[in-house]
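Trainee: Got a predicted structure plus its sequence, pasted below:
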Amino acid sequence: IEVISGPGGALYGANAVNGVINVVSRSAFDSQGLAFQAAFGEADGHATLRHGGLIGQNGAWRVYASGLARRSSFLPSGAEAGDELEGGQLGFRTDWRLGADSLTLQGDWYSRGIEGGPVGGDFTGGNVLARWTHAFSAGNSLELQAYYDRNIRDDLTGLNSDTQTWDIALQQAVTPFANHNLVWGAGYRFIDDEVISPPGSVAFLDPEQRDLYAANLFVQDQWRLTDALTVTLGLKLETGTFRDLEPLPSLRLGWRVNDGAFLWAAASRAVRIPSRIDRNLTFPGFLEGGGFQREELWAYELGYHGQPTDNTTLSVSLFYNDYDDLRTADLGPGFTFPIRLANTARGTTWGAEIWGTWDVIPQWRLSAG
């Protein structure tokens, strides 16, 4: 699990505004044998069973099943809230190593059921992902990935939704010149989204069904000027249903002062694109949708990471974020209804993140932030 602070639009695209959490699942080759985990208590319980094996000389597989049960929470009066939860999940993954090529096929299916309360209902979904990677040489590779995902919600209140997503992405890493590591790629995503409001609802999405798309092209070059100094330039061009072509640039400079100190600086642009709620939520006479556009961020960062002494580490990040076109809820002329979602605000944030560790003795470490 990789946590990246600050905007990451040049590689991860729109909505990577304040940070990115990147989760990479383990290869089937690294999860062989049988594993079981369970926990049970007065309020809830869950269990997971996983098993993996080899397929000849070049393949590996794993399957898993998990289940959970959670008792109702309680209201201030002491009565049960009626939100008992039960669910299960199944999944598999296979990996193949065929010379310079590697293949992955994986999928998951889940079902959740909330018995009652204001958000009760059934939630089901599943996904399947395929990935092919070809290694030409050290630092030179080509990767093609595609996946399909579907989520269905049947709410006890009558709010039902069905969302299907198709996604394909191509990425290549090359070293075209000495001291240059270049990554480029392209992607396309199509979403079929349907949200049906309960009968007689005063608020709803208009239209209830809508097709959405997003397409992108990106390139990033890591240029080693010297053994100690590195410049990283990145640019992503992205377009989609709710925005025009958006450039998402990034510039980073890294300087390894010595083996115990690293300094860096960065400037980048990111955007948050409108969601269906931002653009299509309608409450006749009170809220009118359709006018909200994307929000914009320019971010500037300075940082240090190092070992001041043999048994201490220190990380310091300074940041200044300039936000524009932030979402607002504006009344009409003469402060009249309906309200319209617009982009008439801006703002700034600035501050510091500081983290450090101290190995008091080999068996005792203190951490603070």
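Mentor: Noted; the coordinates are in hand. Since this is a predicted model, take the numbers as computed values, not measurements.

Trainee: which residue ranges form the helices in the stretch 251-369 of the chain?
Mentor: Residue ranges of the helices in the stretch 251-369 of the chain, as given by DSSP state H, counting those that start in this stretch, are 276-280.

Trainee: what about the strands in it?
Mentor: 261-272, 281-282, 287-288, 295-306, 312-332, 336-361, 364-368 (DSSP state E, counting those that start in this stretch).

Trainee: Name the residues of stretch 49-56 that are buried.
Mentor: R50, G52 (16 or more other CB atoms under 10 Å). To be clear about C-beta, it is placed using only N, CA and C from the backbone, and glycine gets the same treatment.

Trainee: residues in contact with it?
Mentor: 28, 31-36, 60-66, 94, 96 (CB atoms under 8 Å, 6 or more residues apart in numbering).

Trainee: Now it: average pLDDT?
Mentor: Mean pLDDT, computed over stretch 49-56, is 97.

Trainee: Of the contacts of stretch 49-56, which is the nearest to G303?
Mentor: The closest of the contacts of stretch 49-56 to G303 turns out to be S31 (CB to CB; 35.1 Å).

Trainee: Give me the below-cutoff pLDDT ranges for the chain.
Mentor: 115-119 (pLDDT under 70).

Trainee: ok, the nearest residue to I354 once chain neighbours are set aside - how many residues close by?
Mentor: Once flanking residues are discounted, I354 sits nearest to V316: 5.2 Å by CB to CB, 6 or more residues apart in numbering. Counted by other CB atoms under 10 Å, the residues lying close to V316 total 15.

Trainee: who's in contact with V316?
Mentor: So V316 contacts G303, Y304, H305, A352, E353, I354 (CB under 8 Å, 6+ apart).

Trainee: Can you go through these and name the buried ones?
Mentor: By 16+ other CB under 10 Å, the contacts of V316 give G303, H305 as buried.

Trainee: Mind picking the two most distant members of the contacts of V316?
Mentor: H305 and A352 (13.6 Å).

Trainee: quick one on the thing from earlier: can you add distance to E246 and give the strands of the stretch 251-369 of the chain back as CSV?
Mentor: What follows is the strands of the stretch 251-369 of the chain, written out as CSV (distance: least, CB to CB, whole Å):
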stretch, distance to E246
strand 261-272, 6
strand 281-282, 23
strand 287-288, 25
strand 295-306, 9
strand 312-332, 12
strand 336-361, 14
strand 364-368, 39
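
Trainee: Can you tell me which of those strands is nearest to A130?
Mentor: Comparing those under CB to CB, the one sitting nearest is strand 261-272, at 29.4 Å.

Trainee: Counting by contacts, list what the closest one packs against.
Mentor: helix 9-12, strand 243-258, strand 295-306 (3 or more CB pairs under 8 Å, 6 or more residues apart in numbering; DSSP states H and E).

Trainee: One more pass at 10 Å, please.
Mentor: Contacts defined by 3 or more CB pairs under 10 Å, 6 or more residues apart in numbering; DSSP states H and E place strand 261-272 against helix 9-12, strand 229-240, strand 243-258, strand 295-306, strand 312-332.

Trainee: residues of the fourth one that come out buried?
Mentor: Of the residues in strand 295-306, those scored as buried under the neighbour-count criterion (16+ other CB under 10 Å) are E295, E296, L297, W298, A299, E301, G303, H305, G306.
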